[in-house]
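1. Kindly generate the corresponding structure for this input.
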Amino acid sequence: MPEIFSGGLPKQGTGGSGQNPNSANKPSFFTQAVEKGKDIAQDIYSGAEDIANNFVSGMRGKNLPKGLDTTTAPGGTATWGYGDIEGKDWRVSLSLPRNATFTQSKLLNPLTHTGNRMVFPYTPTIILSHTANYNQIQPIHNNYPFFAYQNSQVDQMVITGQFYNQNSIEAQYWIACLHYLRSVTKMQYGLGASDPGAPPPIVRLNGYGEYVFKDTPVIITNFTVDMPSEVDYVATGIVGSEGEPKIDYSDHAAPKATQQGNQMDITWAPTESQFTVTCQPIYSRDKVEKFNYSSFVNGEGIKGGYV
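-> The predicted structure is shown next:
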């Protein structure tokens, strides 16, 4: 007879085929099965990870040459820049006319310090346009018209650039640029004209190296300058014939009593302004006759001023 607990339930034996469920010692076959399962799962995980790594590595190196030995690849030397390219001045500029009236002007004197030209200090936006004109021939009872070539032309170019004036020197340059554009849009007329009746001068447009604008002859047909009300203005003195400013200011405060020798020598420039210049390429009859189409296509014509 099995022993009876006070609860009336029979007590299971441990000496026979039964196993005590409260015992801390699990059977060896169960422990071995669990460990074996862990090993199998680890092998499966490791194998899957290796396959994934090999797949990703294969995808990364699918375009590499076969047999490349990365462990013995020779080291290289890093270089920055391209020799003398960094020394090239590729800023957009308009030349100062080769005329004593311009080169000896005290207002235009700051332009002589940038190679006798008006230089846009920040890269401007330039809009180019070329046109090929065709006459349309429309014969009756025809679905498609014919086109007879007439001529080609280079349209006006619009240059829009920002100017920022943070001190009196930059303000002087802004004033010189403004006066330059005023001067090259006027003919020689009136008293003191060295060549009465001469049209506004032709200037040279340069920028972006040898094959974009290289000594391109242009006339200035229009320009606009904005003088915003919401920005500060910098006061400066006018550069004299000796090359030194008579009065120099770094802010827009009123001049001191000891500096008021000549109030007309003082002017103000906005700290931020935008110049918009409209240029028209222009060529003389002699220049047009010397145009060489093959040379132009080869790129040499660009250096000769053609666009």
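
2. Tell me which helix or strand comes right after the lowest-mean-pLDDT helix or strand in the chain.
-> Least confident helix or strand, the chain: helix 28-60 with a mean of 64, by mean pLDDT, DSSP states H and E. Next helix or strand after helix 28-60 toward the C-terminus (DSSP states H and E): strand 93-95.

3. For this structure, which residues score under the pLDDT cut-off?
-> 1-34, 36-87, 239-264 (pLDDT under 70).

4. show me where it has helices.
-> Assigned helices in the chain, in chain order: 28-60, 100-103, 109-112, 168-183, 285-289, 293-298, 300-303 (criterion: DSSP state H).

5. end-to-end on stretch 157-171?
-> By Cα to Cα, to the nearest Å, the extent of stretch 157-171 from end to end equals 26 Å.

6. buried ones in it?
-> M157, V158, I159, G161, F163, N165, S168, I169, E170, A171 (16 or more other Cβ atoms under 10 Å). Just so you know, the C-beta spots here come from the backbone N, C-alpha and C atoms, and that holds for glycine as well.

7. Output stretch 271-280 as PDB - backbone C-alpha positions only.
-> Output of stretch 271-280 as PDB, limited to C-alpha atoms (Å, rounded to 0.1, in the frame of the first residue of the first chain):
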ATOM      1  CA  THR A 271      26.600  97.800 -47.100                       C
ATOM      2  CA  GLU A 272      24.700  95.500 -49.500                       C
ATOM      3  CA  SER A 273      23.900  96.300 -53.200                       C
ATOM      4  CA  GLN A 274      23.200  94.500 -56.500                       C
ATOM      5  CA  PHE A 275      24.500  95.500 -59.900                       C
ATOM      6  CA  THR A 276      22.800  94.300 -63.000                       C
ATOM      7  CA  VAL A 277      24.700  95.000 -66.200                       C
ATOM      8  CA  THR A 278      23.400  94.300 -69.700                       C
ATOM      9  CA  CYS A 279      26.200  93.800 -72.300                       C
ATOM     10  CA  GLN A 280      25.900  93.400 -76.100                       C
END
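
8. now what about it, what contacts it?
-> Taking contacts as Cβ atoms under 8 Å, 6 or more residues apart in numbering, the residues outside stretch 271-280 that touch it are 94, 120, 156-166, 174, 177, 181, 205, 218-228, 231-234.

9. ok, V119 touching S95?
-> No - at 10.2 Å, V119 does not count as touching S95 under the criterion of Cβ atoms under 8 Å.

10. and these two? which has more neighbours close in?
-> The neighbour comparison of V119 against S95 (other Cβ atoms under 10 Å) goes to S95, with 21 against 18.

11. Mind listing the residues bridging to the more buried one?
-> R117 (DSSP bridges).

12. and it, what is it in contact with?
-> Residues in contact with S95, defined by Cβ under 8 Å, 6+ apart, are N116, R117, V203, R204, L205, N206.

13. Most neighbours among the residues you listed, which one is it?
-> With neighbours defined as other Cβ under 10 Å, the most crowded of the contacts of S95 is L205; it has 25 neighbours.

14. So it versus Y144, what's the distance?
-> Distance, L205 to Y144, using Cβ to Cβ, to the nearest Å: 40 Å.

15. contact partners of stretch 126-135?
-> Contact partners of stretch 126-135, identified using Cβ under 8 Å, 6+ apart, comprise 92, 147-160, 207.

16. Go again with 10 Å.
-> With Cβ atoms under 10 Å, 6 or more residues apart in numbering as the test, stretch 126-135 has contacts from 92, 120, 145-161, 205, 207-208, 212-213, 277-279, 307.

17. do the same with stretch 287-306
-> Contacts to stretch 287-306, defined as Cβ under 10 Å, 6+ apart, come from residues 154, 204-205, 209-218, 281, 283-284, 307.

18. Any buried residues in that stretch, and which?
-> G301, I302, G305, Y306.

19. With distance to W268 added, can I get those residues in TSV?
-> What follows is the buried residues of stretch 287-306, written out as TSV (distance: Cβ to Cβ, whole Å):
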residue	distance to W268
G301	45
I302	41
G305	38
Y306	41
